[in-house]
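[1] I'll drop the sequence and a predicted model, then ask my questions.
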There are 4 protein chains.
Amino acid sequence: MTTTRFRHVRQRTLELCAGLSAEDMLLQSMPDASPAKWHLAHTSWFFEQFVLGRDPAFRPRDPAWNYLFNSYYQSVGPMHARPQRGLLSRPSLDEVRDYRHYIDDAVSNLLSRHDDPELAALVELGLQHEQQHQELLLTDIKHAFWSNPLQPAYRTPIAPTVANTVPLRFVDGNEGIVEVGHRGEGFAFDNETPRHRSLLHPHALANRLVTNAEYRAFVREGGYREPGLWLSDGWATVQREGWQHPLYWQDDLASEFTLAGVRALDPHEPACHLSYYEAEAFARWAGARLPTEAEWESAAQGVAIDGNLQDEQRFQPRAASAGEGLLQLYGDVWEWTASPYVSYPGFRPLPGSLGEYNGKFMCGQWVLRGGSCVTPREHLRASYRNFFPPHARWQFAGLRLGQDR
Amino acid sequence: MTTTRFRHVRQRTLELCAGLSAEDMLLQSMPDASPAKWHLAHTSWFFEQFVLGRDPAFRPRDPAWNYLFNSYYQSVGPMHARPQRGLLSRPSLDEVRDYRHYIDDAVSNLLSRHDDPELAALVELGLQHEQQHQELLLTDIKHAFWSNPLQPAYRTPIAPTVANTVPLRFVDGNEGIVEVGHRGEGFAFDNETPRHRSLLHPHALANRLVTNAEYRAFVREGGYREPGLWLSDGWATVQREGWQHPLYWQDDLASEFTLAGVRALDPHEPACHLSYYEAEAFARWAGARLPTEAEWESAAQGVAIDGNLQDEQRFQPRAASAGEGLLQLYGDVWEWTASPYVSYPGFRPLPGSLGEYNGKFMCGQWVLRGGSCVTPREHLRASYRNFFPPHARWQFAGLRLGQDR
Amino acid sequence: MTTTRFRHVRQRTLELCAGLSAEDMLLQSMPDASPAKWHLAHTSWFFEQFVLGRDPAFRPRDPAWNYLFNSYYQSVGPMHARPQRGLLSRPSLDEVRDYRHYIDDAVSNLLSRHDDPELAALVELGLQHEQQHQELLLTDIKHAFWSNPLQPAYRTPIAPTVANTVPLRFVDGNEGIVEVGHRGEGFAFDNETPRHRSLLHPHALANRLVTNAEYRAFVREGGYREPGLWLSDGWATVQREGWQHPLYWQDDLASEFTLAGVRALDPHEPACHLSYYEAEAFARWAGARLPTEAEWESAAQGVAIDGNLQDEQRFQPRAASAGEGLLQLYGDVWEWTASPYVSYPGFRPLPGSLGEYNGKFMCGQWVLRGGSCVTPREHLRASYRNFFPPHARWQFAGLRLGQDR
Amino acid sequence: MTTTRFRHVRQRTLELCAGLSAEDMLLQSMPDASPAKWHLAHTSWFFEQFVLGRDPAFRPRDPAWNYLFNSYYQSVGPMHARPQRGLLSRPSLDEVRDYRHYIDDAVSNLLSRHDDPELAALVELGLQHEQQHQELLLTDIKHAFWSNPLQPAYRTPIAPTVANTVPLRFVDGNEGIVEVGHRGEGFAFDNETPRHRSLLHPHALANRLVTNAEYRAFVREGGYREPGLWLSDGWATVQREGWQHPLYWQDDLASEFTLAGVRALDPHEPACHLSYYEAEAFARWAGARLPTEAEWESAAQGVAIDGNLQDEQRFQPRAASAGEGLLQLYGDVWEWTASPYVSYPGFRPLPGSLGEYNGKFMCGQWVLRGGSCVTPREHLRASYRNFFPPHARWQFAGLRLGQDR
Ligand SMILES: [Fe+3]
Ligand SMILES: [Fe+3]
Ligand SMILES: [Fe+3]
Ligand SMILES: [Fe+3]
């Protein structure tokens, strides 16, 4: 852990806001999403609470902000109601930027004064947390801009991709007892531990992600009108919400809203902004199933972390390039798995308030794997577990097919 | 109608926003309230739609904005959903200010080219509309700032007022047939017409508004815990919402949130931010009743329009000054009346889309009279009818007692 | 007041339940409606609470039932939640019938022992209350049966009526100051008092009720798709609820659900089961308006109380028979008026808990006049004021047109 | 499969209704529960739809009832809305009883005419289905009676149990690869298949269920006020619903509502009517965890199916009797497990509409094992998987502690 990395990651968050006005950064278009300004402040609060709280000399910028920027840590104290984050015109964006500098200086200063592995670990946790919020900042601003009838663009037009789709092929996966979970070198979240044995049944995984063209065929053939394809809760959601296609598609099934505004739907790009319900229904329609998280992780172990990630600054999935083996494992879209998000055998949450980071959400959510086009490369690992409720659609999430052998 | 007045009223709206940032002006803290920026845009849209639409040479700044800034005129076309006005970071505040200038120039230009009474009447309607939104802009920003746990101030501290309360006295009102409604000189809204005969029963009106000290006695003596004092709907609202005192009071009954931030509750100032339910329950508790709108109007006819109005720039009710007759008729707080908001005998709404301005709201609301500390003086008349649903509390609304004789 | 009348009215309620099973009588199809069994019990409770409570020797059948069968009298004590009345399988129907007998005997006994005018007045109030619930029992069972996909019939088929519609004619009403309200002889509810002067403006009233054929023309000409015809709240309700025709009409506009099951829509019968919103929109579409309650009452004074009332046991509106003057003033359908339900000048509610009977509902409701085909004849008066919220449709309510002269 | 068994199981359902009136059997106290009469009809419909539909000579009693008594089989056709099952006073209880006889005769007749294994398998499925509804009938009537302020009793008083609690002991479970799932002899639901290998990590299971006394200690020590003990969704539910103790406990923590009415809380009886949230929070508080379903099943394989089951007709959990090994594995209360309800590797739903029986609910629910005091003995197996959403409390559900070794 060096101060350089700290500065770099923190700076990256600000860069993502380069094209946004103070007004844009106040938008909260639904309770699940947060304003960009709030992300800026909350990630700083995280360092204040969990790193700088260890420094007796540290003076908070404003003690009242603790209430505003605590997200969900009940053991830290009460917090501002989540659906009302968009009502915080004060502190202003300028004040929040100052707050970031204030925290940055304090953390850098602390790092320079101590060579403390525990401190370094907490700073690293803060940076991993920061990177998660970088991704959320982008998914949230995408939803906010889409909610404006003018549908403004966050970025310049996105280059078209290759004109062909790699043929679908199923690749046999490992069988029998494998090891999954974080091995214990480098950073990992508590929910990736402990590393443990898992039993894989005979199976195969698709060599690439499901494409827009494939998903559009499902739509055109009546996928959203056939209850037999859906989980019961999924069908109820389709009916209640009037879903007829993925979140950002337009009704003509020919164009979609992207971070660059409305754009023709690229048939070769991976289908994106799907809920678990939609991913699972598509898989059933396709005569396949979703992979389990252990199947995915076992296949991903040893594969280099490369792909269409945040670092590419495309911020939009990309068609697969021809190649051997499993393509698009990392990046493009998070892959919904068949695994509910539960603890690993022998799981112990982090001590203290940080124990609230992951463990208390182990109910009613499903695991996604592999990162997306808005995930930083250095944030990912084969053991990384993302999780969302089955109805969530605003993340860059799609699917890879799996099947029994 | 001169261009001078047009420029003056339009300028006044901008002045009210002087201390607000672009972020502040995007806030929408509840569906009933609108962002200040939206008020700026909508009032300009009103001129575009109802004045400039008459000019074949006029080119809209952006035709898509018609959808964004139409409030509720169904016959004009579909409109952006009211609860989502706070999601319009675009157009930006700067663009909206430019839009205002663009409209200002176009209207001024049109006025200078034609000496057309019908045009002048429409511009006057637009200015009266603008003044209504000036008041709403202030009540809405007050609610938005109160919704922020930091409870920021919109303005500098408010000077304390006189230290005494004028003794309560009941003044006999007129009896028998009186004339009410607008007489036909000068501007009036359609809902104030036609002038017509009304039959007044023997009654008296209090010489001043109910004070904070009086209302606090009601609270302390259990007013909010005694269902027998309330209308059935009012009691249900008290229970459901957990009301224990007026909207902006703090639980200690000793301080309140104002446009200048939190401030000690002045016992002599009129009680404010009451719903109809609270005003009506207080009157019952006090052994009195609310005045009817005809009683109020008959008493107010011939009284000069003077008082603690927007022009004072106090933006907070003020204790009554000693004097004869009915004090505080205009300004301070809107006075809830015992009259449901319905049409006058022979009422005809304005022709065309402007007929949607007032008439379609004649259900489920109650009439308030007299203006408040945020109403412009030249906006008021004895015949002026304001109206809100019985649960609305975020307006500067209070009461004057009445009684049968 | 004789015991005979008491026995007669009480017996009538039971007769209305003759064709209903214990299961039918437990149905509560919406919070606004109550099970028939609950009506049987509550009306007995009313005598227990307000009549027998005066007799020190009286012993309640079961003190716990006070909680179950109190409707809304907060000053009497807490009460069972209204939407859960359908969950009271116990006490059983047989027990409730026994309870009625027990109360009947106690009241009869009390009446026979005392010649007390105050007691007689309370018993009379209890009987008038009973008659109101007779009407509700029928409207509620109609809604409950309609909610069953089998749409069972409460009664035997209803005879068709005359084949012609009486031509529509407007009859001039009284002008100037009239007296309305109860004169003080015989029973009246507190809300009909005091009798007072009212000022009528020049107007005329239609000679008969609006018919199904007339209302169907409104539907066919797009009445439910044209926002300009509706109050703002009405249009919101139409959209939210998907209203396309009156409550019990079928989508073919050719048949309707009645207490005798589904039946061809009779074009000559009065339109029925309209909300205030629908009645008001129809009147606007027809270039007319609703009458005020004073206009109606002034016209009805001196007219014999006759018509298609509960006593006819038709339980369905009937086409007007040819005749002079205002036809169908009493019976068939309650007539929505243009008058919000508020207190008369000088109104004083009954003392004690009975003051909760009417007064606390004077907010958010509109007055209806004239009774319906399920109202007992001897329950009506020219001064009788019924009231319901503007969205209520399950009562036998329609309209008569009025207009300014 | 013999007709004897068919008659016996069908008869048992009617016997469970012996003390219920037609009114009782119409009660639906929440959307999750159904009226007893509906259970009687739906279980008959199940035979009609899935067994008698195979007999070309069969004539439905009333084709309209297909709509009324279809529960959730979308591929069979549209269905009556679940929350409105309590509105079906028609068909009457007598008609539903007749319907049962009609179906019973038709099935018996069919069985006597054919010796068809496929037919026998469908009849067996219908009987297993019937037994599930026997249990639901009891849990639903318990909730309905509890919803009545009189809290009536379904049955005669329940005998007290032994006066001591068996000491808590943890018993080591199997480790490594085990086989779970139905072995293929005798009946099983599709969700219990295929039998497959599962990897167990070192663990131990408590020898008995958690008792009322133990759970009460959790309550008294502030369990419902400490967010750190709860899953995030669980804490939100506790707050929103105001939970302070298990569903049927009274606030004094000394008595509870049972099928025999209110009764002193027996400290030795297993804690019951817990949601998954409560079971999971208790386990955390106790420094333990819930067992996985594979851990449970592996331990239960080979254990005789015996215990406090429906056959005992106690209908209330019972204190454990001293003994070796794992006590109370079957009966008393369903045991919440740490396993989300998902498909087994290689799962294939039943073909046709029966595929909707189990598979479509594999989202958002948790597995429970072991049956309860209202489950028929012959309905259970070691591989039996029950499932409910984490907030469900109205089932007889509790927990056994597990721990890592
Ligand atoms: Fe965070
Ligand atoms: Fe406006
Ligand atoms: Fe009543
Ligand atoms: Fe079933």
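    Looks like it arrived, so ask away. In this text the structure is predicted, and so the values were computed from the model without any measurement. Ligands and ions are numbered 1, 2, ... in the order given.

[2] Have a look at chain A and report its longest helix.
    Scanning chain A for the helix with the most residues, using DSSP state H, yields helix A:117-147.

[3] can that one be found next to chain B?
    Yes. Helix A:117-147 is in contact with chain B by C-beta under 8 Å from any C-beta of the partner chain, via A:Ala144, A:Ser147. Using the backbone N, CA and C atoms, a C-beta is placed for each residue, glycine as well.

[4] any idea how far that helix is from the chain center?
    If you compare the mean C-alpha spot of helix A:117-147 with that of the full chain, they lie 9 Å apart, counting by C-alpha atoms, centre = their mean, to the nearest Å.

[5] now for it, which elements pack on it?
    Applying 3 or more C-beta pairs under 8 Å, 6 or more residues apart in numbering or on different chains; DSSP states H and E, one finds that helix A:117-147 contacts helix A:3-16, helix A:36-50, helix A:93-113, strand A:255-258.

[6] Need the winner for burial among those.
    Highest mean neighbour count among those (mean count of other C-beta atoms under 10 Å in any protein chain shown): helix A:36-50, with a mean of 25.

[7] could you say what helices and strands it packs with?
    Other helices and strands packing on helix A:36-50, by 3+ C-beta pairs under 8 Å, 6+ apart, are helix A:3-16, helix A:65-69, helix A:93-113, helix A:117-147.

[8] Now render those as a markdown table, adding mean pLDDT.
    Putting the helices and strands packed on helix A:36-50 into a markdown table (pLDDT from 0 to 100) gives the following:
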| stretch | mean pLDDT |
| --- | --- |
| helix A:3-16 | 97 |
| helix A:65-69 | 97 |
| helix A:93-113 | 97 |
| helix A:117-147 | 97 |
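
[9] So A:Pro149 sits against B:Phe69, correct?
    No. If you go by C-beta atoms under 8 Å, A:Pro149 and B:Phe69 don't touch, sitting 11.1 Å apart.

[10] Now the common contact residues for those two.
    Residues touching both A:Pro149 and B:Phe69 comprise B:His80, with contact defined as C-beta atoms under 8 Å, 6 or more residues apart in numbering or on different chains.

[11] okay, these two: which has more neighbours?
    When A:Pro149 and B:Phe69 are compared for neighbours, B:Phe69 comes out ahead with 24 against 16, by other C-beta atoms under 10 Å in any protein chain shown.

[12] Not counting its neighbours along the chain, what's nearest that one?
    Leaving aside its chain neighbours, B:Phe69 sits nearest to B:Trp45 (3.7 Å; criterion: C-beta to C-beta, 6 or more residues apart in numbering or on different chains).

[13] ok, now how distant is A:Glu280 from A:Arg369?
    15 Å (C-beta to C-beta, to the nearest Å).

[14] should've said A:Ala279
    Going from A:Ala279 to A:Arg369 by C-beta to C-beta gives 12 Å.

[15] related to what we said a few turns ago, tell me who's in contact with the residue nearest to B:Phe69.
    When contacts are counted by C-beta under 8 Å, 6+ apart, B:Trp45 touches B:Trp65, B:Asn66, B:Phe69, B:Asn70.

[16] let's go with 10 Å and repeat that
    Contacts of B:Trp45 were listed using C-beta atoms under 10 Å, 6 or more residues apart in numbering or on different chains, and they are B:38, B:52, B:60-61, B:65-66, B:68-71, B:73, B:76, B:99, B:103.
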